[in-house]
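In: Generate coordinates for the sequence data below:
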Amino acid sequence: MGIFVHEILVYNSEQSEYGTLSANYFSGNIKIKGFYQQPISPDPESMVVINIPWDIIQTTYIELPPVKNYSEMKKIAELEIRRLMDLNEEINLSCIPTVYGKTLVLFVRKSDYDRYKMSRNISFEPDVAYPNILSELLVTKKFPGYWMYLVLGRMSSGIVVMNNNSIINVRILDFSMEDISKIVKEETGFELFEIERSENEELTKAAKRIVDSISIDVLSQIERELIIATNTTEIEKIDIQMISGIVVVCDFKIMRDIILGFEGNFRGKFSEPVLLFPTKDKNKIGLADLGLIYRGGIEIGKVKSIKW
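Out: Predicted structure coming up:
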């Protein structure tokens, strides 16, 4: 690896084809090299990024005094978390400043983190551990005002409520695109992502019919969760009328199109995401992986582009 070129390796265990995504970072530009079908061992110099599941993540909002830098913020946040939660064991945490002087803290107990790595045969220590849902949001443009970002991922989904660039609520859903993909596979023999990537017209029509047939239940569940997410914001009370729009962040076009046309309580509020790094090869890589690649890049420096 050249002296000015940094390798980024992404391990996303929430993708069915769990393997390794490889890219090079050079002078603010990321060039994706390819996807390996199996996990590969990183070099000591590589920037290593893994996803981390929401079932081991805890979140809370706390008020912190003004600090000079992020490192100091994390130290003070950890002391406050330990006091509030009466924690003695080791934790890993991250801080996201929000509104009204509040900070969103995400933390993981080290014992849970180590068990997760062991369950995925991850024997190395990554430079960055980052959750899906937030990884998709990293590469999605944020709009001014109150917006909701409905993230429907392969293995995990959630709703993020934002005031401009500040997160004011995160709600994890008991629903994923894998649930729908399994139904499609039972009928067609292929998973939904395989069908969409194949661009086979006959299979695509069949998949759309299947998803349409279960869409009423799915849309009702999504609408209910959107209402709950709006009504349970912790640091700022809002209602549905204050929501400017809902961005549907989903790799699956069939599901995305159905939601965009939904005529419920949020009629006319759904829209497609505007990506920070548009790519013609969007079917080659999911938004979660793209976000994790980007997260590795900003750990190195400024990211100006991501290309194949």
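
In: what sits against R256?
Out: 152, 248, 250, 272 (C-beta atoms under 8 Å, 6 or more residues apart in numbering). For every residue, glycine as well, the C-beta is placed using N, CA and C.

In: For N51, state which of these is nearest.
Out: The closest of the contacts of R256 to N51 turns out to be L152 (C-beta to C-beta; 15.8 Å).

In: For that closest one, report the pLDDT, please.
Out: For L152, the model assigns a pLDDT of 96.

In: Offset the numbering so it begins at 495, please.
Out: Right, with 495 as the first residue, what we last looked at is L646.

In: Could you report the neighbour count for it?
Out: When neighbours are defined as other C-beta atoms under 10 Å, L646 has 25 of them.

In: Where does the prediction get shaky in the stretch 545-694 of the chain?
Out: Counting by pLDDT under 70, the stretch 545-694 of the chain shows no low-confidence range.

In: Touching the strand or helix carrying G790 from outside, list them.
Out: For G790, the element it lies in under DSSP states H and E is helix 781-794. By C-beta under 8 Å, 6+ apart, the residues outside helix 781-794 that reach it are 500, 502-504, 506, 508-509, 515, 517, 519, 524, 526, 541-545, 621-622, 624, 626, 628-634, 647-648, 743, 745, 767, 769-771, 773, 779, 797, 800.

In: Stretch 699-714 too?
Out: The contact list for stretch 699-714 (C-beta under 8 Å, 6+ apart) reads 669, 674, 677-678, 681-682, 686, 689-690, 748-749, 752-753, 756, 758.

In: Output it in PDB, but only the C-alpha positions, please.
Out: What follows is stretch 699-714, C-alpha atoms only, in PDB (Å, rounded to 0.1, in the frame of the first residue of the first chain):
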ATOM      1  CA  LYS A 699     -43.200  -8.700 -11.800                       C
ATOM      2  CA  ALA A 700     -43.700 -11.900  -9.700                       C
ATOM      3  CA  ALA A 701     -41.800 -10.300  -6.800                       C
ATOM      4  CA  LYS A 702     -43.900  -7.100  -7.000                       C
ATOM      5  CA  ARG A 703     -47.100  -9.200  -7.000                       C
ATOM      6  CA  ILE A 704     -46.000 -11.000  -3.800                       C
ATOM      7  CA  VAL A 705     -44.900  -7.800  -2.000                       C
ATOM      8  CA  ASP A 706     -48.200  -6.100  -3.100                       C
ATOM      9  CA  SER A 707     -50.200  -9.000  -1.500                       C
ATOM     10  CA  ILE A 708     -48.700  -8.400   1.900                       C
ATOM     11  CA  SER A 709     -48.200  -4.600   1.700                       C
ATOM     12  CA  ILE A 710     -51.400  -3.700   3.600                       C
ATOM     13  CA  ASP A 711     -50.000  -5.300   6.800                       C
ATOM     14  CA  VAL A 712     -46.500  -4.000   6.300                       C
ATOM     15  CA  LEU A 713     -47.700  -0.400   5.600                       C
ATOM     16  CA  SER A 714     -50.000  -0.500   8.600                       C
END
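
In: Any buried residues in it, and which?
Out: Neighbour-count burial for stretch 699-714, counted by 16 or more other C-beta atoms under 10 Å, picks out 700-702, 704-705, 709, 712-713.

In: now it, how far from the chain's geometric center?
Out: 24 Å (C-alpha atoms, centre = their mean, to the nearest Å).

In: for stretch 621-631, same thing?
Out: 5 Å.

In: Do me a favour and get the end-to-end distance for it?
Out: 20 Å (C-alpha to C-alpha, to the nearest Å).

In: Also stretch 619-634?
Out: End-to-end distance (C-alpha to C-alpha), stretch 619-634: 28 Å.

In: what pLDDT, on average, does the helix or strand following the helix holding G790 get?
Out: Sequence order places strand 799-801 as the next helix or strand after helix 781-794, per DSSP H and E. Strand 799-801 shows a mean pLDDT of 93.

In: So what touches strand 799-801?
Out: So strand 799-801 is contacted by 517, 522-526, 633, 771, 773, 784, 787-788, 791 (C-beta under 8 Å, 6+ apart).
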